[in-house]
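Asker: Using only what follows, build the 3D model:
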Amino acid sequence: MSAGEGRAAAVIGLGSMGGGMAAALLRAGFAVRGFDVVPANLDRLAGGGGAPAASPEAAARGAEIVVSVVVNAEQTEAVLFGAAGCAAAMAPGAVFISCATMAPEAVRALAARLEAMGIHYLDAPISGGTARAAEGKLTIMASGSKAAFAAARPALDAMAATIHELGDEPGTGAGFKMVNQLLAGVHIAAACEAVAFAASMGLDLRRVYEVITGSAGNSWMFENRVPHILDADYAPRSAVDIFTKDLGIVLDMARRGRMPVPMASEALQLFLMTAAAGMGRDDDASVARLFARIAPISLPEPS
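Answerer: Numbering: from 1, shown residues only. Sure thing, here's the model as predicted:
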């Protein structure tokens, strides 16, 4: 019997990550209802066997597990407590799995409001990209009560290959995710800078990719993002604007803690400049295109 057989789940936010997570839940046997503001995402859910809903409240009604895959704290609050929010539809004992990237104090405030209603809150930021989301092989950095983990376990097992249990207080998972986002943002910016540097020397960029991915200078982000540059494919798997947000959170947290984060600060400026140049909704590898606009280099063009 599949982990989700006979269970009802809702997924709020059916974009590149949430859509894949909904598909993983469906494969595990869950009955999945979902909500998204983009009609095409609802159509994709329906095509995969899920049920589109007209609001977060409608999606969550009767669900034991609600997975929220939105962008930030403001959207999470709206999903929970806004007009037609899902908190009003969730029964005591249900669990809200929050995957948005946000500051730990924002997580704690939302969790306190929901738990006062008898509903569990699992702080569960995700990592792994769209392909792993669709395969049910994400990494989840989770924190929350033992009861929240127990209620969420069938969905976690369906969506993730690795589940880090990081403590019993919501907000701890968010802290780990911000460390990850600092590194991810810096590594993407560095990968784009390295490709631009290689282009300035007239090197064969495909050979650069081949050599570096087998060398000590490689990173997961270099290996994952540079093919987007080589193929001139900037369709947003993860958009530039994601990192203007996430590195902005890192810098806000660091400032409050009087912690210098110079590498994250420099990376944030590159993402901000890329967004200001009109590429905020494009793939985050577009930082390489920013270099191409301000330096005498040529990058691959669409075929």
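
Asker: which phi and psi does the most centrally placed residue in the chain have?
Answerer: In the chain, the C-alpha closest to the average C-alpha coordinate belongs to I126, at a distance of 5.7 Å (C-alpha atoms, centre = their mean). With angles defined as degrees, to the nearest 10, I126 sits at phi -120, psi 160.

Asker: All the helices of the stretch 151-300 of the chain, in order from the start?
Answerer: When assigned using DSSP state H, counting those that start in this stretch, the helices of the stretch 151-300 of the chain occupy the ranges 172-200, 205-212, 220-230, 240-256, 262-274, 287-294.

Asker: Need the winner for burial among those helices.
Answerer: Per residue and on average, the most neighbours among the helices of the stretch 151-300 of the chain fall to helix 172-200, with a mean of 21 (mean count of other C-beta atoms under 10 Å). Where C-beta positions appear, they are placed from N, C-alpha and C, glycine not excepted.

Asker: Where in the protein is the helix or strand with the lowest mean pLDDT?
Answerer: For the chain, using mean pLDDT, DSSP states H and E, the weakest element among its helices and strands is helix 129-135, scoring a mean of 91.

Asker: Give the other helices and strands that that one contacts.
Answerer: Packing partners of helix 129-135 (3 or more C-beta pairs under 8 Å, 6 or more residues apart in numbering; DSSP states H and E): helix 18-27.

Asker: Downstream of the helix it packs on, the next helix or strand is which one?
Answerer: Tracing the chain C-terminally past helix 18-27 and defining elements by DSSP states H and E, one meets strand 31-35 next.

Asker: ok and that next one relative to helix 18-27, angle-wise?
Answerer: For strand 31-35 against helix 18-27, the angle between stretch directions is 160 degrees (axes from the mean of the first three to the mean of the last three C-alpha atoms, to 10 degrees).

Asker: partner strands of strand 31-35, parallel or antiparallel?
Answerer: Using DSSP bridges, the strands paired with strand 31-35 are strand 8-12 (parallel), strand 51-52 (parallel).

Asker: Look up the pLDDT of A3 for me, please.
Answerer: pLDDT recorded at A3 is 67.

Asker: May I have the least confident helix or strand of the chain as CSV, with CA atoms only?
Answerer: Presented in CSV, the C-alpha positions along helix 129-135 are these (Å, rounded to 0.1, in the frame of the first residue of the first chain):
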residue,chain,number,x,y,z
GLY,A,129,15.4,22.1,-8.1
THR,A,130,12.5,21.3,-10.3
ALA,A,131,13.7,17.9,-11.6
ARG,A,132,14.1,16.5,-8.1
ALA,A,133,10.8,18.0,-7.0
ALA,A,134,9.1,16.0,-9.9
GLU,A,135,11.0,12.9,-8.9
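
Asker: hmm, who's touching that helix?
Answerer: Contacting residues not belonging to helix 129-135 are listed as 16-21, 23-24, 126, 138-139, 159, 161, 224, 237-238 [C-beta atoms under 8 Å, 6 or more residues apart in numbering].

Asker: Buried among those residues? Make that a ChimeraX selection.
Answerer: Taking 16 or more other C-beta atoms under 10 Å as the burial criterion, the selection of buried members of those in ChimeraX is written as:
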select :16,17,18,19,20,21,23,24,126,138,159,224,237,238
